[in-house]
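K.L.:
Sequence plus the predicted model coming up.
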Amino acid sequence: ELKVEQNPLFLSMQEGKNYTIYCNYSTTSDRLYWYRQDPGKSLESLFVLLSNGAVKQEGRLMASLDTKARLSTLHITAAVHDLSATYFCAVDIPGTASKLTFGTGTRLQVTL
Amino acid sequence: KAGVTQTPRYLIKTRGQQVTLSCSPISGHRSVSWYQQTPGQGLQFLFEYFSETQRNKGNFPGRFSGRQFSNSRSEMNVSTLELGDSALYLCASSPTGREQYFGPGTRLTVT
């Protein structure tokens, strides 16, 4: 059974600081997704990482994937309050592509 | 393109009742997946339909069922509702089943 673990579960950080969210998964996969969810809202797709060594950046967020270590990171640079949300990573297993297994989520709170 | 739409957005039901939720995918998308999100269990996969056929199923009891129509619209049904079925139900569509685009969700409260 595929397991996806995220840490930390909760992150409180000051504006301007940097931090990294980690996502570990237990089974070989070639695709990892990062989503953002605001309270009471749906999931917004942030990144799709397709191969080992993939790195994608959008604004203050950068995601990377190491398939050998089964690890993805979401790095936040110079956080701003607007980044406050819950971030989920998700993995699918080849052959069951539509079945995403999500991590527990990391609730990020950026304080002024 | 219009995004994924779900109706209704909010629903309150009583234990023992049944409920039907609807999802209209992005035009051209043939895959529709359903997820349940609760504070305790997080986001869990329910099932996926592709071209009117259930292609994948999660670990939910038989009270949870779904179907997909020829226009790719999908419905999920929960019978004999329990308090624990209170959740946000998210629908996602995809052209192939891989990268998924999520709808706004239906918030179901069972009392």
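P.N.:
Cool, got the structure. Numbering: from 1, shown residues only, chains lettered A, B, ... in the order given.
K.L.:
Tell me where the model's unsure across the chain.
P.N.:
I went with chain A, as the question did not name one. Applying pLDDT under 70 to chain A flags residues A:96-97.
K.L.:
was after chain B, sorry
P.N.:
Low-confidence segments of chain B (pLDDT under 70): B:1, B:97.
K.L.:
which residues does residue B:83 contact?
P.N.:
Applying Cβ atoms under 8 Å, 6 or more residues apart in numbering or on different chains to residue B:83 gives the contacts B:15, B:110, B:111. All C-beta spots, glycine's among them, are computed from the backbone N, C-alpha and C.
K.L.:
Just give the number of residues close to the last one.
P.N.:
Same thing as residue B:111. Residue B:111 has 10 neighbouring residues, counting by other Cβ atoms under 10 Å in any protein chain shown.
K.L.:
go on, the first one?
P.N.:
In terms of burial, residue B:15 registers 11 neighbours under the definition other Cβ under 10 Å.
K.L.:
what residues does chain A put near chain B?
P.N.:
Selection of chain A residues close to chain B by Cβ under 8 Å from any Cβ of the partner chain yields A:31, A:33, A:35, A:40-45, A:48, A:88, A:90, A:92, A:96-105.
K.L.:
re the thing from before, and of the contacts of residue B:83, the nearest to residue A:63?
P.N.:
Set against residue A:63, the nearest of the contacts of residue B:83 by Cβ to Cβ is residue B:110 (36.4 Å).
K.L.:
Surely the closest one is in contact with residue B:85?
P.N.:
Yes - under the criterion of Cβ atoms under 8 Å, residue B:110 makes contact with residue B:85 at 5.2 Å.
K.L.:
Would you mind naming the residues that bridge with the residue nearest the centre of chain B?
P.N.:
Most central in chain B under Cα atoms, centre = their mean is residue B:34, positioned 3.6 Å from the mean C-alpha point. For residue B:34, the beta-bridge partners are residue B:47, residue B:91 (DSSP bridges).
K.L.:
In contact with it, which residues?
P.N.:
Counting by Cβ under 8 Å, 6+ apart, residue B:34 touches B:23, B:45, B:46, B:47, B:48, B:66, B:74, B:76, B:89, B:90, B:91, B:92.
K.L.:
now residue B:49
P.N.:
Contacts of residue B:49 by Cβ under 8 Å, 6+ apart are B:31, B:32, B:33, B:55, B:66, B:67, B:68, B:74.
K.L.:
For the fourth one, list the residues it contacts.
P.N.:
For residue B:55, the residues meeting the contact criterion (Cβ under 8 Å, 6+ apart) are A:98, B:31, B:48, B:49, B:97.
K.L.:
The same query, at a cut-off of 7 Å, please.
P.N.:
Applying Cβ atoms under 7 Å, 6 or more residues apart in numbering or on different chains, we find residue B:55 in contact with A:98, B:48, B:49.
K.L.:
ok, now the fifth one?
P.N.:
With contact set as Cβ under 7 Å, 6+ apart, residue B:66 has these partners: B:34, B:47, B:49, B:74, B:75, B:76, B:77.
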